[in-house]
Structures are given as structure tokens and as C-alpha cells.
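[1] What would the 3D arrangement of this be:
(one chain, ligands or ions: 1)
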Amino acid sequence: MFLVYIFIFMFGAIIASFINLYVTRLINHESIVSPRSHCNSCGKVLRWYELIPIFSYIALNGRCSKCKEKIGIDCLLSELLLGILYVICFLVYGFTYDTLIGMTICTLLLSICLSDLKSLIILDSSLIVSIIIIFVLTFLASGLRGIYLAFLYGVFGFVLMFVIKIIGDAIFQRESLGGGDIKLSFITGLVLPYNLFLVSLVFACFMALPYAIIINKKSPDGEVPFGPFLTLGLLVTFLNKSAIMYILKIVVG
Ligand SMILES: [Zn+2]
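    Prediction:
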């Protein structure tokens with residue numbers, strides 16, 4: 001069993017290292033295939049043994065083997081983080097499709113954190129890939145009926161967030177929610193039924209609040225990227241859905 005955990009952790013780290021490359025290059029309008037992975041300082045093309053997640057960073061002591069320039073620690077951190085998140089998904093849902101859906105949400109979370117926190121955008125391609133994977137997994141888990149339900153809830157989430165945006169724009173006299181946030185809510189709807197969708201929204205707001213206060217203190221016009229918090233709200237709700245359903249049943253009846 002220990003080996004399974006190691007394998008899942010390493011799988012998460014490898015995916016994270018790919019997502020890092022993918023997001024950084026797309027944001028900088030570079031091609032994903034070429035040039036090959038290189039040191040950003042001296043341009044040295046990295047060998048295969050310098051591309052192993054986590055291990056290479058430790059072996060190279062966090063520096064380029066040629067020019068000794070420091071390699072960004074965010075790469076290492078995201079590899080560790082995604083590895084751990086994948087293992088948590090497996091601990092919660094075991095050998096089920098829910099584990100794979102959870103992993104998809106974690107990967108989306110990383111990709112959105114990298115793009116939204118750095119440049120306030122959510123890459124359409126990361127949303128589209130997630131939607132396709134979730135549709136396939138939902139079909140495998142619960143057939144066409146499952147897809148139909150997921151789609152309905154997805155549309156519910158999308159429309160709800162769109163209405164919130166229109167009201168928000170009118171109240172604050174500026175863009176309250178980005179287009180990416182609304183598309184993201186379609187994904188939240190695919191994964192969660194409407195009552196859990198609302199719970200995830202509450203989680204997202206509570207987690208975004210401290211961040212918004214800090215940003216607002218620094219610059220009153222500063223924009224808060226909401227995407228990472230929406231995805232985090234989705235993940236927390238998804239991983240605890242049976243517990244939350246139980247509490248909702250007691251509270252709402
Ligand atoms: Zn270098």
C-alpha cells in the first residue's frame with residue numbers, strides 16, 4: 001500500500017511539473033513543444049535527469065548546473081503540493097472515479113493558481129481539458145443519466161454566477177467577476193449538485209475575504225483573483241461531500 005501512495009505522489013509531482021511549464025509558457029505566449037526545457041538565465045537545455053520532479057531540484061541544490069543561477073522554488077512547491085493533494089484524494093475516495101475527479105480538480109486548482117495569481121487570467125484550455133475529463137469520468141461512473149444531471153447542474157452554476165456578476169457589476173460599477181470565474185462555475189456545477197454548489201461558494205467567499213482585505217490595504221483599486229478561491233471551495237466541498245450532505249440534512253431537513 002505504501003508503494004501505491006508513493007506512486008500517486010510521484011504522479012502528482014510529474015503532472016505539476018508539466019502544468020508549471022504549460023502555464024508559464026502560455027502566459028508568456030511561447031510554444032509548449034519548443035524550445036525544450038531550459039535554464040531561464042543562461043539558456044542551457046536541461047538533460048532528462050535534470051527534469052525529474054523534486055529529485056532534480058534537491059540533487060542540483062536548487063541551482064542551474066551550468067550558471068548556478070537559482071531555480072524558482074515555486075516549481076518545487078507546486079510539485080510537492082500536487083503530490084500531496086493527489087494522495088489526499090486517494091485517501092478519501094480510494095479506488096473510485098471520485099479519486100480521479102478529485103485529482104482533476106486539484107490539477108485545475110494548480111493551473112488556475114499559477115495563471116490567476118500571476119496574471120489575473122484563467123486559461124480557457126485548462127477549463128476545457130478539465131470539462132472533457134470530468135465528462136468522461138462521469139460517464140464511466142454513472143452513464144448517460146449521470147452526464148445529463150451533471151450538465152444540468154453545470155448550467156445552473158453558470159447561470160447563477162452570471163446573474164451574480166450582472167448584479168455585482170451594477171452595484172460596484174466595475175467588473176465584479178471575470179469571465180473565467182463564470183466558466184469555472186460550470187465545472188463546479190458538473191461536480192457538485194446545486195446545494196453543495198452553494199456551500200462551495202460560501203467556502204470560496206470566506207477564504208477570499210482575508211486575501212481581499214490584504215490586497216485592499218495595499219491598493220484600494222487592487223483586483224482580487226477569485227478563481228483560485230472558487231476552485232479551492234470546490235475542492236474542499238468535493239472532498240467532504242458526504243459530511244456536508246449529512247450536516248445539510250440536519251440543518252435544512
Ligand atoms: Zn543556467
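
[2] Buried residues of the least confident helix or strand in the chain by mean pLDDT, list them for me.
    Counting by mean pLDDT, DSSP states H and E, the chain has its least confident helix or strand at helix 55-59, which shows a mean of 88. Using 16 or more other CB atoms under 10 Å as the test for burial, helix 55-59 gives 56-57. Every residue, glycine included, has its C-beta placed from N, CA and C.

[3] Tell me which helix or strand comes right after it.
    Following helix 55-59 in sequence order, the next helix or strand is helix 73-93 (DSSP states H and E).

[4] what about that following helix, distance to the chain center?
    A distance of 11 Å separates the centroid of the chain from that of helix 73-93, by CA atoms, centre = their mean, to the nearest Å.

[5] same question for the helix or strand following that helix, mean pLDDT?
    Proceeding N to C from helix 73-93, the next assigned helix or strand is helix 97-119, under DSSP H and E. For helix 97-119, the mean pLDDT works out to 93.

[6] Helix 73-93 and helix 97-119, what's the angle between them?
    Orientation check (axes from the mean of the first three to the mean of the last three CA atoms, to 10 degrees): helix 97-119 against helix 73-93 gives 160 degrees.

[7] Helix 97-119 packs against which elements?
    Contact partners of helix 97-119 among helices and strands, from 3 or more CB pairs under 8 Å, 6 or more residues apart in numbering; DSSP states H and E: helix 2-27, helix 73-93, helix 124-172, helix 179-191, helix 227-239.

[8] how about those helices, which one is nearest the ion?
    Proximity to the ion, assessed across the helices and strands packed on helix 97-119 by CB to the ion, is greatest for helix 73-93 (14.2 Å).

[9] ok, residues contacting the closest one?
    Contact with helix 73-93 is made by 4-5, 8-13, 15-17, 19-20, 53-54, 57, 62, 98-99, 102-103, 106-107, 109-110, 114, 235, 239, as judged by CB atoms under 8 Å, 6 or more residues apart in numbering.

[10] Sort out which of those residues are buried, if you could.
    8-13, 15-17, 19-20, 53-54, 57, 98-99, 102-103, 106-107, 109-110, 114, 235, 239.

[11] just to revisit the earlier point, of all the helices and strands packed on helix 97-119, which one comes closest to residue 252?
    Proximity to residue 252 (CB to CB) singles out helix 227-239 among the helices and strands packed on helix 97-119, at 15.5 Å.

[12] and the next element down the chain from the closest one?
    Later in the chain than helix 227-239, the nearest helix or strand by DSSP H and E is helix 241-252.

[13] just the buried ones among the contacts of helix 73-93 that are near the ion?
    By CB under 5 Å from the ion, no member of those lies near the ion.

[14] Low-confidence bits of the stretch 51-200 of the chain, can you list those?
    Regions of the stretch 51-200 of the chain meeting the criterion pLDDT under 70 are absent.

[15] The ion contacts on that one?
    Near the ion, when you scan the stretch 51-200 of the chain using CB under 5 Å from the ion, you find 64, 66-67, 69.

[16] In these, which residue is surrounded by the most others?
    Within those, neighbour counts (other CB atoms under 10 Å) peak at residue 64, which reaches 19 neighbours.

[17] wait, what's in contact with that one?
    Applying CB under 8 Å, 6+ apart, the residues contacting residue 64 are 39, 41-42, 44, 70-71.

[18] repeat that for 6 Å
    By CB atoms under 6 Å, 6 or more residues apart in numbering, residue 64 lies in contact with residue 39.

[19] Next one: the residue nearest in space to the middle of the chain from residue 90, what distance?
    Central residue of the chain (CA atoms, centre = their mean): residue 109, 0.9 Å from the mean position. Computed as CB to CB, to the nearest Å, the residue 109 to residue 90 distance reads 16 Å.

[20] With residue 220 instead?
    Taking CB to CB, one finds residue 220 at 43 Å from residue 90.

[21] So those two - more neighbours on which side?
    Set residue 220 next to residue 90 and count neighbours by other CB under 10 Å: residue 90 wins out with 21 against 7.
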